[in-house]
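> Need a 3D model of the sequence below.
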Amino acid sequence: MNIEGFKQFCKKRDLYKDNLNEALKVVKDFNDFLIESKRTIDIAREQDVHAFAQKLIDKNKSKLETFYPLISYSHFSGNNEMLVALYELIDGSEVLNNLSKALFSAVGKKQTEDLLRGINFPKVGTPSSKKPIITKQVIERLVEALDEKTCHKVLISNLHGIPKEYYKRRRENFLKAKNIDEYLKQRHADFIKTLEKHRDEKTLFFTQEIDDNVIEHVKNNPRIEGGVREGNIVYVEKIPYMTKKFLTEKDENLKKYYYCHCPWVREALKARKIKIPSKFCDCSAGYYKTQWEVILDQPVEVETIETILEDDSRCLFAIYLPKEIVQESEKNN
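Reported below is the predicted structural model:
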């Protein structure tokens, strides 16, 4: 463990300016935890991360802020196995709490309490393998109790809680473009450049390695994290979660597993023992709705067209453009 090097790493990047000592303590605590297994934080494995997270849960000390310094140390040390394990433990941890808030806003306190009664939301750091059964319970109750419009409204309401400010740059890029079609082409090109940078620097794009095959796959599909306009609809799909494995996998179930980003669903695709209602994929539609409402600076409707939860080969979403955006694009083409 190189605590002095990590301290300089944090200072150089303005990380933990107000709580650096607390961040360093988390790193030291994890390293001390590993002594018994004769490892250090620099070579920590996935199972070590899971064991430490369970210890935090057992002591009621598991919170997002505890995991952030460990993620930073993973970047500092180049320990990608530890980094991926940490990301997968905390990814989407806010979703069910935000769903509860959206439900409260839509149907009120009593019905929210009735719908969620007896369901214990998992704590931060709970492994993905324990989440699908909870997802199934929640979504089945919503689908049964709510009308289609209300259910859609709840699930599409930015359950990841991503701040609108996060998409400010995309709004600026849209305003610079001649029209929506030019914006989409540039957005896809920029995404490819991002992937190429990760490939060249041998760094992870979130949780996945990037190689030439991944980049070629994205280049050949402009819908991936870009979008293709057909009339008044932009069709967009996600890059697979683990694209390298997705491209080479022959087993259809595992192929879907490597495609899916959702920590509340993914393990169910691997085990095939739990069937989760595809309505839950409206949560991903909400991810696109939030960003496109910032990009266009007005409300938009987004629909889930295809989802691997319905045995499709991809997750495809439709963004319905306002009339004036389409007219401007067709006038300038």
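
> low-scoring pLDDT stretches of the protein, where are they?
The model of the chain has pLDDT under 70 over residues 332-333.

> what ranges do the strands span in it?
Taking DSSP state E, the strands of the chain run over residues 228-230, 233-237, 301-306, 316-320.

> any idea how the chain splits into domains?
Using automatic domain parsing, the domain ranges for the chain come out as 3-90, 92-333.

> sorry, back to before: same list (the strands of the chain) but as CSV, adding mean neighbour count and distance to residue 152.
Heads up, the C-betas are built off the backbone N, CA and C, glycines and all. Formatted as CSV, the strands of the chain follow (neighbours: other CB atoms under 10 Å; distance: least, CB to CB, whole Å):
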stretch, mean neighbour count, distance to residue 152
strand 228-230, 15, 22
strand 233-237, 21, 17
strand 301-306, 19, 9
strand 316-320, 20, 13
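
> mind putting those strands in CSV, distance to residue 197 included?
Output for the strands of the chain, formatted as CSV (distance: least, CB to CB, whole Å):
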stretch, distance to residue 197
strand 228-230, 24
strand 233-237, 22
strand 301-306, 29
strand 316-320, 26
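
> Helices along the stretch 1-150 of the chain, start to end?
Counting by DSSP state H, counting those that start in this stretch, the segments of the stretch 1-150 of the chain that form helices are 3-12, 20-34, 46-58, 64-77, 80-90, 95-107, 109-116, 132-145, 148-155.

> In stretch 162-173, which residues are buried?
Buried residues in stretch 162-173, counted by 16 or more other CB atoms under 10 Å: 167, 170-171.

> Actually, stretch 95-107.
Buried residues in stretch 95-107, counted by 16+ other CB under 10 Å: 95-96, 98-100, 102-104, 106-107.

> I'd like to know which of the residues you listed is nearest to residue 206.
When the buried residues of stretch 95-107 are compared for distance to residue 206 (CB to CB), residue 95 wins out at 16.7 Å.

> ok, and the closest non-adjacent residue to that closest one?
residue 159 (4.7 Å; CB to CB, 6 or more residues apart in numbering).

> do the same with residue 132
Computed as CB to CB, 6+ apart, the closest residue to residue 132 that is not its neighbour in sequence is residue 268, at 3.7 Å.

> doesn't residue 276 make contact with the one you found?
Yes. Taking CB atoms under 8 Å as the definition, residue 268 is a contact partner of residue 276 at 5.6 Å.

> which residues are in contact with both of these two?
Counting by CB atoms under 8 Å, 6 or more residues apart in numbering, the residues touching both residue 268 and residue 276 are 132, 135-136.

> Please dump those into TSV; it should also carry neighbour count for every row.
Formatted as TSV, the shared contacts of residue 268 and residue 276 follow (neighbours: other CB atoms under 10 Å):
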residue	neighbour count
132	23
135	22
136	18
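
> most residues in a single helix of the protein, which one?
Secondary structure assigned by DSSP state H gives helix 180-201 as the longest helix of the chain.

> That helix - contacts with which helices or strands?
Counting contacts by 3 or more CB pairs under 8 Å, 6 or more residues apart in numbering; DSSP states H and E, helix 180-201 packs against helix 168-176, helix 212-219, strand 228-230, helix 323-332.

> Please identify which of the ones you listed is closest to residue 32.
Using CB to CB, those put helix 212-219 closest to residue 32, at 37.7 Å.
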